[in-house]
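In: next come a sequence and a model predicted from it.
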Amino acid sequence: MKSFAGALTAAATALLALSLSPSVQAATTNFGSGVCVQTVDGLTGTSAQEGDYCVVALKSGTGTWTVPTGVSAIQYMIVGGGGGGGAGNSSSAGGGGAGALYETTEPFAVTAGTAIGATVGTGGNGGTAGTAGSNGADSTFNSVIAYGGGGGSALPNNSVGTAPASRTGYGGSGGGAIASPVGAMGPTNAASAPAASSNSLNAVTATGGAAGASGSQTLARNSGGNSNAAFPYFTDIQKTVSFWLGGGGGGADSAGGNISWSSSGTPATTTFSPGVGGSGKFSNLLNSTTAGLLGVGEISNSKVYFAGGGAGHGNFNAAGWTFTGMSYSLSPAGGVGGGGGGNSGRTIYTAPNTTVAVSAAGAVNTGGGGRGAGAVGGTGVILIRYLATTMPTMSGVSFSATPRKSTYTTITFEMNVPGKTQFRINGKRIANCISRATSGSGNSYSSTCTWKPAFIGPQQLSVIATPTDTSIAPATFTTGVNVAPRSATR
């Protein structure tokens, strides 16, 4: 169980500082409740208590987060915005790369009351009409930068040998590649097996975007998947079949997947698939229950993942083709951790003549890349974890009037957590004030006691505060009170 002692002087100093700085007070906002109330300026977020700790999620904006009273060390994670997926005219393109991820391994010393600068990076826009996706924006906290992910590549048109549009200059994970298919028919000899022409006959191949080199090497980020054009043909049915297949965007824990082209020599065993997104990393700063309360990350096997790459996208161009002896998947999975994918279950399916699935954006507040069909990247996020304050802030007592002998006065006691209070004078309980519940919200709670002093002169008033949260031990606030003689008028 936690323990705490009153901190009236510190609380009074803080209140005085606020009263002298009205412009600062007006700019700040609070969120959360109890011991996990947060003060921010220019940011939005949520907080939750996890055992003895507070976990804070900064979810959008640029501004400052103020270190709460009593906090001397924090751990934190920063994820940049995910890159947007590319969008080719052929509806196929590379998946967006995830934002870079940084997480502390040891508590970082801080000073209570310090305002720490923070920016939550937005996700990159998806490409349109043959353009690459935009890079995600950088996230920053405590002067550490987690760069945005790279946008996925795209083909500006379906022409033979077209060079793909791509993004450079990112610092997070690389976006997936896309390649132009070949443009010539296959041999005329009778055969049932397809012939792969992925690196010949004017095909333009492409390499996935490299992981960023900027900043600290402790940033988690990976390259995007490579791509080749697949242009099989089946002379026994006299039909040419073209696939445009994009690579997956890189994730925080692994590179984006390359396109899949496999064959053992017969159509029935030939499979095509765009690249899957690279997987993200799980965080040690929160559990799955807390993640659900905060609305961040992606939960898989009871772990909370961030920064998964977006899936590549494919297009099947074979109008009127009815051959069903070949399987293919045009909606591969995004990387676990928020990458945009074709299906939520992340199971890659194969079925002939499958309709191209719609795009999927990177999940909000994961830093995941968007799917390679023009999907937007996921917004980044900043997580902060610290030991919950070991003492409530007790602002003290006030009186409705000067305490006088044999005259009723109302005592008001204030603190920052809900609970019950017991009022005592000179060590003895005051009648009808043995268990007074507080009222209020946020980080402002109060209770009252109606007191009729029996004696004049100096006396000792004490208030025993018992927080509703049983993980916080009761504490006592004590102060001196001088009781004046009763008024001459009766």
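Out: Here it is on my side, so go on.
In: beta partners for Val483?
Out: The residues listed as beta-bridge partners of Val483 by DSSP bridges are Gly457.
In: is it true that it touches Arg404?
Out: Yes - under the criterion of C-beta atoms under 8 Å, Val483 makes contact with Arg404 at 6.6 Å. C-beta here means a position set from N, CA and C on the backbone, and glycine is covered the same way.
In: could you check which of those two has the larger neighbour count?
Out: Using other C-beta atoms under 10 Å, the more surrounded residue of Val483 and Arg404 is Val483, with 22 against 16.
In: on the pLDDT front, check that one for me.
Out: On the pLDDT scale, Val483 is placed at 96.
In: wait, what's in contact with it?
Out: With contact taken as C-beta atoms under 8 Å, 6 or more residues apart in numbering, Val483 is in contact with 403-405, 453, 455-459.
In: got a list of what Ala401 touches?
Out: By C-beta under 8 Å, 6+ apart, the contact set of Ala401 is 407, 409.
In: ok, now with 10 Å
Out: For Ala401, the contacting residues are 407-410, by C-beta atoms under 10 Å, 6 or more residues apart in numbering.
In: gap between it and Lys428?
Out: 22 Å (C-beta to C-beta, to the nearest Å).
In: likewise Gly334?
Out: 67 Å.
In: compare those two (neighbour count), which wins?
Out: A count of neighbours by other C-beta under 10 Å puts Gly334 above the other of Gly334 and Lys428, at 45 against 8.
In: secondary structure class for that one?
Out: coil (DSSP: H, G, I helix; E, B strand; the rest coil).
In: against Gly312, how distant is the residue lying closest to it once chain neighbours are set aside?
Out: Once flanking residues are discounted, Gly334 sits nearest to Gly341: 3.1 Å by C-beta to C-beta, 6 or more residues apart in numbering. Using C-beta to C-beta, Gly341 is found at 10 Å from Gly312.
In: which neighbours do these two have in common?
Out: Taking C-beta under 10 Å, 6+ apart as the contact rule, Gly341 and Gly312 both touch 95, 248, 276-277, 332, 334, 371.
In: between the residues you listed, which is nearest Val55?
Out: Nearest to Val55 out of those is Gly334 (C-beta to C-beta; 25.1 Å).
In: contacts only, for the closest one.
Out: 82, 85, 95-96, 98, 248-249, 251, 256, 276-280, 298, 308-312, 340-344, 346, 360-363, 368-372, 375, 378.
In: those residues in strands, which ones?
Out: Members of the contacts of Gly334 lying in strands (criterion: DSSP state E): Glu298.
In: of the contacts of Gly334, buried ones?
Out: Taking 16 or more other C-beta atoms under 10 Å as the criterion, what is buried in the contacts of Gly334 is 82, 85, 95-96, 98, 248-249, 251, 256, 276-280, 298, 308-312, 340-343, 346, 360-363, 368-372, 375, 378.
In: now the helices for the stretch 201-350 of the chain?
Out: Applying DSSP state H, counting those that start in this stretch to the stretch 201-350 of the chain gives helices spanning 288-294.
In: for it, which spans come out with low pLDDT?
Out: 201-206, 227-244, 261-272, 315-331, 342-350 (pLDDT under 70).
In: what do you get if the cut-off is 80, keeping everything else the same?
Out: Across the stretch 201-350 of the chain, the ranges flagged by pLDDT under 80 are 201-208, 213-217, 225-245, 259-274, 314-333, 341-350.
In: quick check: which ranges of the stretch 51-200 of the chain have low pLDDT?
Out: For the stretch 51-200 of the chain (pLDDT under 80), the answer is 52, 70, 88-92, 155-171, 175-200.
In: mind listing what Gly308 touches?
Out: Gly308 touches 82, 95, 98, 173, 248-254, 256, 276-281, 298, 300, 333-341, 346, 362-363, 366-369, 378, counting by C-beta under 10 Å, 6+ apart.
In: okay, and the beta partners of Gln38?
Out: Judged by DSSP bridges, the bridge partners of Gln38 are Phe31.
In: how much space between it and Ala109?
Out: Separation of Gln38 from Ala109 (C-beta to C-beta) stands at 19 Å.
In: looking at the two, which is more packed in?
Out: More neighbours surround Gln38 than the other of Gln38 and Ala109, with 24 against 8 (other C-beta under 10 Å).
In: surely that one and Lys59 touch.
Out: No - Gln38 is beyond contact range of Lys59, at 11.7 Å (criterion: C-beta atoms under 10 Å).
In: give me the common contacts of these two.
Out: The contact sets of Gln38 and Lys59 overlap at 45-46 (C-beta under 10 Å, 6+ apart).
In: so how do I select the buried members of the contacts of Ala401 in ChimeraX?
Out: Only the buried entries of the contacts of Ala401 go into this ChimeraX selection, using 16+ other C-beta under 10 Å:
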select :407,409
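In: of the contacts of Ala401, closest to Gly136?
Out: Closest approach to Gly136 among those (C-beta to C-beta): Thr410, at 56.1 Å.
In: can I assume the closest one sits in a strand?
Out: Yes - under three-state DSSP, Thr410 falls within a strand.
In: which strand residues bridge it?
Out: On the basis of DSSP bridges, Thr410 is bridged to Thr450.
In: for Gly396, same thing?
Out: Beta-bridge partners recorded for Gly396 (DSSP bridges): Glu414.
In: what is the neighbour count of it?
Out: Around Gly396 there are 16 other residues, counting by other C-beta under 10 Å.
In: touching, it and Ala465? I think so.
Out: No - the criterion here is C-beta under 10 Å, and Gly396 misses it with Ala465 at 11.7 Å.
In: ok, now which ones touch Ile411?
Out: Contact partners of Ile411, counting by C-beta under 10 Å, 6+ apart, are 397-400, 403, 421, 423, 425, 430, 433, 436, 447-451, 461, 463, 481.
In: please repeat the previous calculation with a cut-off of 6 Å.
Out: By C-beta atoms under 6 Å, 6 or more residues apart in numbering, Ile411 lies in contact with 397, 399, 449, 451.
In: over to Ala363?
Out: Listed by C-beta under 6 Å, 6+ apart, the contact set of Ala363 reads 338, 378.
In: same deal with Thr476?
Out: 462, 464.
In: which stretch of helix or strand covers it?
Out: Assigned by DSSP states H and E, Thr476 belongs to strand 475-483.
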